[in-house]
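S.K.: Could you work out the structure for the sequence below:
(one chain, ligands or ions: 3)
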Amino acid sequence: MTSLTLTRPDDWHLHLRDDQALAAVVAASARQMGRAIIMPNLKPPVTTTEQALAYRERILAALPEGSRFEPLMTLYLTDNTPAEEIERAHASGLVQAVKLYPAGATTNSDSGVTDLAHCDAAIAAMARLGIPLLMHGEVTDAEIDIFDREAVFIERVLTPLLERHPTLKVVFEHITTADAAEFVSSAPANVGATITAHHLLYNRNHMLVGGIRPHYYCLPILKRERHRQALLAAATSGSPKFFLGTDSAPHAQGDKESACGCAGAYTAPAAIELYATAFEEAGALERLEGFASHHGPDFYGLPRNADTITLVREPWTLPESLPYADGQRIVPLRAGETLEWKLKG
Ligand SMILES: NC(=O)N[C@@H](CC(=O)O)C(=O)O
Ligand SMILES: [Zn+2]
Ligand SMILES: [Zn+2]
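M.R.: Ligands and ions are numbered 1, 2, ... in the order given. Just a heads-up that it's a prediction; the model follows:
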């Protein structure tokens, strides 16, 4: 196969940051994706509908001329989010989901939820209004090993939540384990999951063998090969529960290449090409369109995109770094390496 045309994909998990960083990264997603679910973990976090709508305006203002990219906004759930805020979000028509960060789990999650019991009224409103809860699915207890935090989250947080709110739409974000893939596969239709390109392409050896490679460090952390294989099987299974969410998470080069480096992989510049690489490796390129372009909008109850993109088999090399905020640079995942597939146009 030398060319592949797909319904235009959407990114169901994207970090765009703000200000100069936003201006530096938004075009990379807008040229590939029709829409994206925009993560609310800014400093300070996007906790109200009013803030989400203002952030949306800043994103639209940062887009290249003529772009039709649509940011789908989210609210950052806190211990104090009132049910009325969920109602305002729903009434706006522009806020599509609410994001759960367990307090301290990841980048800018300090204002996150300490115990879901505090959020019961807000979650009941979400279940009633059909607003999905997007979850960073890791526990944060110091005694739980970082490689086990996702599996323990299923047992301690996700299972009891779904018992209490069985009709709540839940997206288990950026899943990284066989445990999560199995849980979602056997859950009812209101439970879906996003899978990143980097978790389909890499295991923890890529990050740690022959030197520590900070650009592969993200949360949830890369797992062992058995888990990567389970994620590939889920993504290429054709199941409508699994869809594309890059979790492209830009951090300046200096903040990654540091004695205490930030978590996050910047994959937006070659997102669809990275997914095509993973699907081809699994011998399942014909399943890419469902995963990238159909399952997400179907889950969210939104129309599929009406236009298409074309990938061509044309090797190209990702730049070593790209311009970022305040004169800094940013290193995309696979920097300086060659990709077989290239987005046309
Ligand atoms: N994935 C990451 O490693 N980092 C994300 C936060 C997140 O999605 O957990 C970020 O905002 O940098
Ligand atoms: Zn996360
Ligand atoms: Zn993320």
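S.K.: Isn't residue 26 up against residue 16?
M.R.: Yes. At 5.6 Å, residue 26 counts as touching residue 16 under the criterion of C-beta atoms under 8 Å. In short, each C-beta sits where N, CA and C put it, glycine included.
S.K.: what is in contact with these two at once?
M.R.: Residues within reach of residue 26 and of residue 16 at once, by C-beta atoms under 8 Å, 6 or more residues apart in numbering, are residue 59.
S.K.: mind listing the helices for the stretch 1-150 of the chain?
M.R.: Here the stretch 1-150 of the chain has its helices, by DSSP state H, counting those that start in this stretch, at 19-30, 49-62, 83-92, 120-129, 149-153.
S.K.: Need those in JSON lines (columns: distance to ligand 2, mean pLDDT and mean neighbour count).
M.R.: Formatted as JSON lines, these follow (distance: least, C-beta to the ion, whole Å; pLDDT from 0 to 100; neighbours: other C-beta atoms under 10 Å):
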{"stretch": "helix 19-30", "distance to ligand 2": "17", "mean pLDDT": "98", "mean neighbour count": "20"}
{"stretch": "helix 49-62", "distance to ligand 2": "18", "mean pLDDT": "98", "mean neighbour count": "16"}
{"stretch": "helix 83-92", "distance to ligand 2": "20", "mean pLDDT": "98", "mean neighbour count": "18"}
{"stretch": "helix 120-129", "distance to ligand 2": "19", "mean pLDDT": "98", "mean neighbour count": "19"}
{"stretch": "helix 149-153", "distance to ligand 2": "10", "mean pLDDT": "98", "mean neighbour count": "22"}
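S.K.: got the phi/psi numbers for the residue of the stretch 51-200 of the chain found nearest ligand 2?
M.R.: Of all residues in the stretch 51-200 of the chain, residue 136 sits closest to ligand 2, at 3.6 Å by C-beta to the ion. Torsion angles at residue 136 (phi, psi; degrees, to the nearest 10) stand at phi -80, psi 100.
S.K.: burial count for it?
M.R.: 26 (other C-beta atoms under 10 Å).
S.K.: Local confidence estimate at it?
M.R.: For residue 136, the pLDDT comes out at 98.
S.K.: isn't it right next to residue 107, touching?
M.R.: No. Using C-beta under 8 Å as the test, residue 136 is too far from residue 107 to be in contact (9.8 Å).
S.K.: joint contacts of those two?
M.R.: By the contact definition C-beta under 8 Å, 6+ apart, residue 136 and residue 107 are jointly contacted by residue 219.
S.K.: got the contact list for residue 296?
M.R.: Shown in contact with residue 296 (C-beta under 8 Å, 6+ apart): 10, 12, 243-245.
S.K.: How much space separates residue 20 from ligand 1?
M.R.: Distance, residue 20 to ligand 1, by C-beta to the nearest ligand atom, to the nearest Å: 16 Å.
S.K.: Which residue, neighbours along the chain excluded, lies closest to that residue?
M.R.: Among residues not flanking residue 20 along the chain, residue 325 sits closest, at 3.6 Å (C-beta to C-beta, 6 or more residues apart in numbering).
S.K.: Now do the strands for the stretch 151-300 of the chain: every range, in order, please.
M.R.: 170-172, 191-195, 242-244 (DSSP state E, counting those that start in this stretch).
S.K.: how about those in TSV, adding mean pLDDT, mean neighbour count and distance to ligand 2?
M.R.: Listed next are the strands of the stretch 151-300 of the chain as TSV, based on pLDDT from 0 to 100; neighbours: other C-beta atoms under 10 Å; distance: least, C-beta to the ion, whole Å:
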stretch	mean pLDDT	mean neighbour count	distance to ligand 2
strand 170-172	98	26	11
strand 191-195	99	26	10
strand 242-244	99	27	15
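S.K.: Enumerate the residues of the stretch 201-345 of the chain near ligand 1.
M.R.: The stretch 201-345 of the chain has residues 218-219, 247, 249, 263-264 near ligand 1, with proximity defined as C-beta under 6 Å from any ligand atom.
S.K.: Greatest separation within those: which pair is it?
M.R.: Across these, no pair lies farther apart than 247 and 263, at 10.1 Å, counting by C-beta to C-beta.
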